[in-house]
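1. I need the structure of the sequence given here:
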Amino acid sequence: MYHMQKRYRYLSFLLMLILGVRLKTQEFDVTLPEPGDIYTILKYLALVSPMRGKPPEGPDEAASFQIVFSAHPGRMSALGWGKEEGGGARVLGPDVWDHNR
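-> You can find the predicted model right below:
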């Protein structure tokens, strides 16, 4: 089982390198492999804190698969995330990591 999980992680990493990743927040927007690098994203994630008062934006890129992590998934759905037919967006809340369900 461990080897399968390890292979899955490697495959996920390779897909990220090939297909690219975009991290967009209320104040940050970077795309990999260009113009940013993975360390830019990791540094941002290490230092970020909740932002109050500035509402999040709705989806702006329908052609890509999008994953939204939010403490309030219902609020993100109300903005249009995960609503479009075939839009490829997935909205995940804190309960996604609750393994006791």
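
2. Is the residue nearest the centre of the chain bridged to anything, and to what?
-> In the chain, the C-alpha nearest the mean C-alpha coordinate belongs to residue 67, at 4.1 Å (C-alpha atoms, centre = their mean). Here residue 67 shows beta-bridge partners residue 90, assigned using DSSP bridges.

3. Buried ones in stretch 77-94, by neighbour count?
-> Going by neighbour count (16 or more other C-beta atoms under 10 Å), the buried part of stretch 77-94 is 79, 81, 82, 87, 89, 91, 93. Glycine gets a C-beta too; all of them are placed from N, C-alpha and C.

4. And the contacts of that stretch?
-> Outside stretch 77-94, the residues within contact range by C-beta atoms under 8 Å, 6 or more residues apart in numbering are 56-59, 62, 64-73, 76.

5. Please compute how far it lies from its chain's middle.
-> Counting by C-alpha atoms, centre = their mean, to the nearest Å, stretch 77-94 is centred 11 Å from the centre of its parent chain.

6. Right, I'll call it a day here.
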